[in-house]
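A.B. asks: build me a model:
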Amino acid sequence: MKDKWLDDWKRTKKKFEELTGKKKPSEKLLGIFRKSSGMESALKSCDKGIEALDKNWTQGDQKRLKSQQDMQKAIVSFKKEADKYTQMLDSAIAKSKDAEEKTVYYRGLKMLKAKLAEYADSYEQSLAFDQAQLEEGESYADKHWKIAEKKLKAAVSTAVARVKTAAAVVSKEKEESWPDFITNLTQGIRELTWALENVQDARKKGAELADPAGLLKSLSTLEGKLPNGPGVLDASQMLAFTKTLAEIAKAVKKTYKI
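C.D. replies: Reported below is the predicted structural model:
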């Protein structure tokens, strides 16, 4: 799980540049987009905080409480940095006098905001889960599965919705719709991947669950086949991708009875 969201953020920034690559931005706008060292530092702190929570869960209440307090501070700092970064980028886009540039970059900004919100939610859920472990009651494995199950249900719903949106995009048959198709498919794949990784964590903590390795491999293979630009696939091939993702989501639902 090391650097999980930091690495994903780096991939997301590359995806942003791919989505907006057709429209060369102003130097000022590009400079603000790349000025994200604060974001990466905040993500690194949160990722380390997650590692500390996982490491200290059997080390006594005092160590666990300290890890939780440090994680809470890291989350607050991350959310402040995320707001600052997106507001600067939003302001720079708004000042552009190029209507086409605005449209393209607002689409990319929407993706960045969604990802940052997802990271914050993931960190907060992990912290809440660890805090719950200090209370008496269910076993650690049972509580861990409850959190994983919640994320899995949400991921399946999201993947199904993304499939429908991507299929609708295909019907438009317009080159400018290509980024929306790729964004929806990629997001659906990654939502399921992250949720299944939580299932893996639950298994490591003792939860008796089916091994998600096969499903994870299918998702990885599907994402690896997605092309980087428009014109590579025809409509029938694009719809085949949406069908495959829908089938994987169905398999996840059946495997874990959610």
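
A.B. asks: low-scoring stretches of the chain, by residue?
C.D. replies: 1-3, 22-30, 57-61, 133-144, 172-178, 228-233 (pLDDT under 70).

A.B. asks: and the strands in it?
C.D. replies: Under the criterion DSSP state E, the chain contains no strands.

A.B. asks: okay, now the domains of it?
C.D. replies: Split into domains by automatic domain parsing, the chain comes to 1-136, 138-258.

A.B. asks: output those in CSV; the columns should cover mean neighbour count.
C.D. replies: Where C-beta positions appear, they are placed from N, C-alpha and C, glycine not excepted. What follows is those, written out as CSV (neighbours: other C-beta atoms under 10 Å):
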stretch, mean neighbour count
domain 1-136, 16
domain 138-258, 17
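
A.B. asks: how near is Asp7 to Asp47?
C.D. replies: 9 Å (C-beta to C-beta, to the nearest Å).

A.B. asks: likewise for Thr193?
C.D. replies: Thr193 sits 17 Å away from Asp47, going by C-beta to C-beta.

A.B. asks: quick one: contacts for Lys4?
C.D. replies: 47, 50 (C-beta atoms under 8 Å, 6 or more residues apart in numbering).

A.B. asks: name the residues that touch stretch 147-156?
C.D. replies: Identification of contacts with stretch 147-156 by C-beta under 8 Å, 6+ apart yields 125, 129, 191-192, 194-196, 198-199, 201-202, 207, 249, 252-253, 256, 258.

A.B. asks: sitting in helices, which of these do you find?
C.D. replies: 125, 129, 191-192, 194-196, 198-199, 201-202, 249, 252-253 (DSSP state H).

A.B. asks: quick one: the helices in the stretch 1-150 of the chain?
C.D. replies: Applying DSSP state H, counting those that start in this stretch to the stretch 1-150 of the chain gives helices spanning 4-19, 27-34, 37-56, 61-94, 99-132, 140-172.
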